[in-house]
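**Q** Okay, predicted coordinates and the sequence, questions at the end:
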Amino acid sequence: MEETLHWQPAATHTELLAGPVAEAVRALADDDVHVAAIDPGLADTAAFCEKYGVALDESANCVIVAGKRGGEVRYAACMVLATMRADVNGVIRKHLDVRKSSFAPMAEAVELTGMEYGGITPLGLPADWPILVDSNVASHNRVVIGSGVRRSKLAVSGALLAGLKGAEVLDLATGA
């Protein structure tokens, strides 16, 4: 049986968000950012989508990618639909201008973002990180993404994600 999501304006329900995400939502002053509480045990995309009746192609994942160049670690947040995979060693590696890129280790991603693993989102990330938004995400009217914590999800437009400071729309994804 599907659970019902009760979407509410995120700006007035910041208690459901990680600290950096709450700050970012307040700064956006966008009425079209909504949050819904969920079972934190169902935060992983496949389990969430099945339980709450959200199609995988209406859900987007934020993956943190890291690569080194000249001893400097470069990070990027990459937004791809749940039905696709981020092209980490192709488009993303080239964009970061590094020899090799990979998913950032979980502990590192959590520490650097101030968010929970499984809830990391592009809202509230370090200001110097690029946010790479796959064109399939950017074209969506509404996608479900993390909220910085495992106990809730955000619903936003692809245009909002594409318009974030430091965001760039690219063809980042390959089929799942």
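**A** Here it is on my side, so go on. Residues are numbered from 1 along each chain as shown.
**Q** buried stuff in the host helix or strand of Val137?
**A** According to DSSP states H and E, Val137 maps onto helix 135-138. Using 16 or more other C-beta atoms under 10 Å as the burial criterion, the residues of helix 135-138 that qualify are 136-138. Using the backbone N, CA and C atoms, a C-beta is placed for each residue, glycine as well.
**Q** you'd agree Lys51 is up against Pro40?
**A** No - Lys51 is not in contact with Pro40 according to C-beta atoms under 8 Å; the separation is 12.0 Å.
**Q** neighbour count winner among the two?
**A** Using other C-beta atoms under 10 Å as the criterion, Lys51 and Pro40 rank with Lys51 on top: 16 against 13.
**Q** how close does that one sit to Phe103?
**A** Separation of Lys51 from Phe103 (C-beta to C-beta, to the nearest Å): 25 Å.
**Q** just Gly148 next, same as before
**A** Separation of Gly148 from Phe103 (C-beta to C-beta): 18 Å.
**Q** Pick out whichever of those two has more residues nearby.
**A** Each of Gly148 and Phe103 has its neighbours counted (other C-beta under 10 Å); Gly148 has more, 28 against 14.
**Q** what about the more buried one, which SS state?
**A** With DSSP: H, G, I helix; E, B strand; the rest coil as the basis, the three-state label of Gly148 is coil.
**Q** List the residues that contact it.
**A** Shown in contact with Gly148 (C-beta atoms under 8 Å, 6 or more residues apart in numbering): 17-22, 113-116, 119-121, 123-124.
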